[in-house]
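Participant: sharing a model that was predicted from the sequence below.
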Amino acid sequence: VGSVDVIIQAQRLRDGSRRITHITEVVGLEGDVITTQDVMLYKITGEDANGKLSGQHFTTGIGRPVFWERARYYNEETRLAAALDASTAMDN
């Protein structure tokens with residue numbers, strides 16, 4: 001039986017570029033309501049003279065998301081930890 005653990009949201013920005021704006025994990029269900037929490041977000045930080053947007057991804061401070069054990073099962077916990085520890089990564 002499979003499940004959705006992570007939702008990756010891509011959005012077209014006003015300059016026409018596409019960026020991953022949210023990485024959200026599905027935590028569980030509370031009755032009929034799906035419970036989620038953001039793991040990483042994208043913030044627009046500037047715009048050049050041509051209207052091209054720049055920004056950065058940042059973590060929301062969740063040390064170990066609920067899907068950590070699944071990452072460990074696939075031997076990916078080191079890469080997941082590195083991604084979460086990198087507080088920001090500039091996008092140009």
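Facilitator: Yep, it's here.
Participant: pLDDT averaged over stretch 85-92 - what is it?
Facilitator: The pLDDT scores in stretch 85-92 average 58.
Participant: list the contacts for the most far-flung residue of the chain relative to its centre?
Facilitator: Residue farthest from the centre of the chain, counting by Cα atoms, centre = their mean, is Ala49 at 28.3 Å. By Cβ atoms under 8 Å, 6 or more residues apart in numbering, the contact set of Ala49 is empty. Heads up, the C-betas are built off the backbone N, CA and C, glycines and all.
Participant: secondary structure class of it, three-state.
Facilitator: coil (DSSP: H, G, I helix; E, B strand; the rest coil).
Participant: and the residue most central in space within the chain, how far from Glu69?
Facilitator: Centroid check for the chain by Cα atoms, centre = their mean gives Ile23 as the closest residue, at 2.3 Å. Counting by Cβ to Cβ, to the nearest Å, the separation of Ile23 from Glu69 is 18 Å.
Participant: ranges for the helices of this structure?
Facilitator: Secondary structure of the chain (DSSP state H): helices located at 68-73, 77-85.
Participant: okay, those in a markdown table with mean neighbour count and distance to Val33 next?
Facilitator: Formatted as a markdown table, these follow (neighbours: other Cβ atoms under 10 Å; distance: least, Cβ to Cβ, whole Å):
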| stretch | mean neighbour count | distance to Val33 |
| --- | --- | --- |
| helix 68-73 | 14 | 22 |
| helix 77-85 | 13 | 26 |
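Participant: least confident of these, on average?
Facilitator: When the helices of the chain are compared on mean pLDDT, helix 77-85 scores lowest, with a mean of 85.
Participant: skipping adjacent residues, who's closest to Val6 in space?
Facilitator: Glu25 (5.4 Å; Cβ to Cβ, 6 or more residues apart in numbering).
Participant: so that neighbour makes contact with Ile34?
Facilitator: No: between Glu25 and Ile34 there is no contact under Cβ atoms under 8 Å: 11.0 Å.
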